[in-house]
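Participant: below is the structure, and that's it, no one-letter string:
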């Protein structure tokens with residue numbers, strides 16, 4: 001029964017997202033970009049688990065050390081208020097029934113024209129995929145998922161035994177080779 005409800009939610013999710021995509025794509029300035037050229041990087045991640053938050057903070061620091069300006073948006077799969085986090089976030093209180101984020105924080109993040117947007121989440125996440133799909137970033141990078149090609153411009157197919165660190169390393173390796181001169 002729960003699976004049938006989720007299937008219906010996904011159909012509604014996809015229907016309304018696909019109605020928004022043409023407008024988002026028409027406003028987007030897609031331009032060639034690689035890791036070396038990128039000044040601004042947006043990171044989307046699932047902040048539910050403390051180990052993910054620790055890694056993202058460390059990864060953010062490593063990007064700043066490479067002279068990148070980094071913005072982070074985390075998604076908590078709960079309805080609690082979270083204190084003492086150094087990034088903007090949204091949670092289930094900020095979602096419609098069909099998983100579309102409706103908060104100003106999400107809208108502002110999606111509207112930023114990052115040089116690179118990185119979807120740094122290993123498991124499917126409709127709310128994070130929604131933000132990526134509507135993002136105004138010049139290039140959007142994330143994990144390959146069948147039927148989610150509209151979410152990212154560059155999708156990396158990794159095995160399920162990857163952790164966030166290994167996935168981040170793969171993303172950087174691919175971005176360094178993209179659009180090389």
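Facilitator: Yes, it's here. Worth saying up front: this structure is predicted, and the values here are computed from it rather than measured. Numbers count the residues shown, from 1 in each chain.
Participant: would you map the strands across the chain?
Facilitator: Remark: strands of the chain, listed N- to C-terminal, are 40-46, 69-76, 88-91, 116-119, 139-143, 154-156; assignment by DSSP state E.
Participant: what angle do the first one and strand 69-76 make?
Facilitator: Using axes from the mean of the first three to the mean of the last three CA atoms, to 10 degrees, the interaxial angle of strand 40-46 with respect to strand 69-76 works out to 10 degrees.
Participant: tell me what angle strand 40-46 forms with strand 139-143.
Facilitator: For the pair strand 40-46 and strand 139-143, the angle between their directions (the same axes, to 10 degrees) equals 30 degrees.
Participant: who does strand 40-46 pair up with?
Facilitator: The pairing partners recorded for strand 40-46 under DSSP bridges are strand 69-76 (parallel), strand 116-119 (parallel).
Participant: return the distance of the helix or strand of the chain with the lowest mean pLDDT from the chain's centre.
Facilitator: The element with the least model confidence among the helices and strands of the chain, by mean pLDDT, DSSP states H and E, is helix 2-27, at a mean of 89. In terms of CA atoms, centre = their mean, to the nearest Å, the gap separating the centre of helix 2-27 from the centre of its chain is 16 Å.
Participant: tell me the helices and strands packed up against that helix.
Facilitator: Here helix 2-27 touches helix 126-134, going by 3 or more CB pairs under 8 Å, 6 or more residues apart in numbering; DSSP states H and E. Yep, even glycine has a C-beta here, placed from its N, CA and C like the rest.
Participant: tell me the confidence at the residue sitting furthest away from the middle of the chain?
Facilitator: Using CA atoms, centre = their mean, the residue of the chain lying farthest from its centre is residue 1. It sits 29.5 Å away. If you check residue 1, the pLDDT there is 78.
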